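# fold the following.
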Amino acid sequence: MSVASNSFSEIDTRINQVALSMLPFVGGALAKQLINYCGSAEAVFTSPIRHLKRIPGIGDKIIGGIKNATDLLEKAEKEVFRCQQADINILAYTDEEYPERLRHIYDAPILIYYKGKANLNHHRILSIVGTRQATPYGREVVESLISELSMYQPLIVSGLAYGVDISTHRAALKYGLPTVGVMGSGMDIIYPAVHREEAYQMLAEGGLLTENPLGTKPDARKFPARNRIIAALSDATIVIEAAEKGGALITANLANDYDREVFAVPGNWNQPYSKGCNKLIKQHKAHILTQVNDIVEMLNWDCEFNAKKKLNQPVLQVAIDEDEQQVVDVLSRQSEAMIMDNLSWHTQFSISKLASILLSLEFKGVIKSLPGKKYQMVGY
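All right, here's what the predicted structure looks like:
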């Protein structure tokens, strides 16, 4: 959002929305109730006290905060202009760009701060969470899962934390999938700081998201609230290694509350970071996850994928050999270009052999090369 591209009325609207989100004792549900009764965020601050008193759940403390909001509005104005300068989008729940999956949960934030290029309303979104003490087994599962999911091109969501979270983001970056990190701090405070490099890489194809204004420190109480956004943003939440208590199980339980699918990777019964996953499965709070097809079939991606494959099956006007056909089969199943490493994994061709095949197909006009060693079928 920039001053040049927005009228003053739009900026004033945003300032009032930010101020409303900052009101003490007012969460997302009450903020939406205030807007529903008053008509807009601006009207909340201008409505007479007698009108505000008629709104269910709105008491004297909240009304006092609304009627003495001069300092809060000034703070919100500074917040809006700081976000403009940092190219951070402020998305209110009434905006079209606001994540549709998140919009409809009862405790959705009235607004979120977002920076990045990923579509938060992507047609396939998965959240992956787990312990911060990920074992080699857990990291191996993450790597294998993301690599096999890459052909379906989902948006991958996690929490940028140690362990399973950062392994998830790194694997998504490696296999060319957009990935969004949901933060428990302000957008200007990357936590933990050692993940700053990954966070910056994620901005290129994915993004960072938070409900907290700039300058918010990553206090412990912010993370359970952050977990509800992770759960609500996606079609399904996948738990990979979790203790009997902790943030991953909180996220899984929230996903259940929001009627989302939950999957858990089973583990050895005597391993501490398998107990949480095994418990979810035992209590029928999660589907057992032993292969990618468990996700694909549960979410009906196989039906959608096969229909699209049949519809988009290319009719080639040139002769190609068996190896070339294998590459064409993989590329024709993708809605976006594939990086060479990912294509090598799917075809099981060495990089050197694959390079020769790709060059031949490019000469024949079947595929096209794109920046970043990416390849795509001609006409896609």
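# hey, let's count contacts and neighbours off CA atoms from now on
Noted.
# what sits against the closest residue to L155 other than its chain neighbours?
Among residues not flanking L155 along the chain, I125 sits closest, at 4.7 Å (CA to CA, 6 or more residues apart in numbering). Residues near I125 by CA atoms under 8 Å, 6 or more residues apart in numbering: P154, L155, I156, V157, L233, S234, D235, A236.
# how about 7 Å then?
Residues near I125 by CA atoms under 7 Å, 6 or more residues apart in numbering: P154, L155, I156, S234, D235.
# that one and S158, how far apart?
11 Å (CA to CA, to the nearest Å).
# how about low-confidence regions in this structure?
Along the chain, segments meeting pLDDT under 70 span 1-8, 303-317, 335, 379-380.
# just want the most central residue of it.
For the chain, the residue nearest the mean C-alpha position is V157 (3.6 Å; CA atoms, centre = their mean).
# quick check: bridge partners of that one?
Beta-bridge pairing of V157 under DSSP bridges involves S127, V180.
# tell me how far it lies from A69.
Distance from V157 to A69, counting by CA to CA: 35 Å.
# and if you look at R50?
For R50, the distance to A69 - CA to CA - is 17 Å.
# what about these two, which has more around it?
A69 (16 against 9; other CA atoms under 10 Å).
# grab the nearest non-local neighbour of I49.
I63 (7.1 Å).
# neighbour-wise, which of the contacts of I125 leads?
Ranking those using other CA under 10 Å puts S234 first, with 27 neighbours.
# residue contacts, that residue?
Taking CA under 7 Å, 6+ apart, we find S234 in contact with R101, I125, L126, S127.
# got a markdown table for those, with distance to V141 too?
Below are the contacts of S234 laid out as a markdown table (distance: CA to CA, whole Å):
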| residue | distance to V141 |
| --- | --- |
| R101 | 27 |
| I125 | 18 |
| L126 | 15 |
| S127 | 15 |
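# give me the buried subset of these.
Buried by 16 or more other CA atoms under 10 Å: R101, I125, L126, S127, out of those.
# pop out the phi and psi values for V129.
Phi and psi for V129, reported as degrees, to the nearest 10, are phi -140, psi 170.
# which one of the contacts of S234 is nearest D259?
R101 (11.0 Å; CA to CA).
# from the chain's centroid, how far away is stretch 107-123?
8 Å (CA atoms, centre = their mean, to the nearest Å).
# start and end of that stretch, how far apart?
End-to-end for stretch 107-123, by CA to CA: 23 Å.
# now stretch 336-355
Length of stretch 336-355, first residue to last, CA to CA: 19 Å.
# picking that back up, quick check, the residue nearest to the centre of the chain in contact with S127.
Yes: using CA atoms under 7 Å, V157 is in contact with S127, at 4.5 Å.
# shared neighbours of these two, anything?
Shared contacts of V157 and S127, defined by CA under 7 Å, 6+ apart, comprise I230.
# quick one: residues in contact with the helix or strand containing E42.
Element membership for E42 (DSSP states H and E) is helix 41-46. With contacts defined as CA under 7 Å, 6+ apart, helix 41-46 is touched by T13, N16, Q17, L20, L34, I35, C38, I66, K67.
# in a markdown table, list these along with neighbour count.
Shown next, in a markdown table, are the contacts of helix 41-46 (neighbours: other CA atoms under 10 Å):
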| residue | neighbour count |
| --- | --- |
| T13 | 16 |
| N16 | 24 |
| Q17 | 25 |
| L20 | 30 |
| L34 | 23 |
| I35 | 17 |
| C38 | 18 |
| I66 | 21 |
| K67 | 14 |
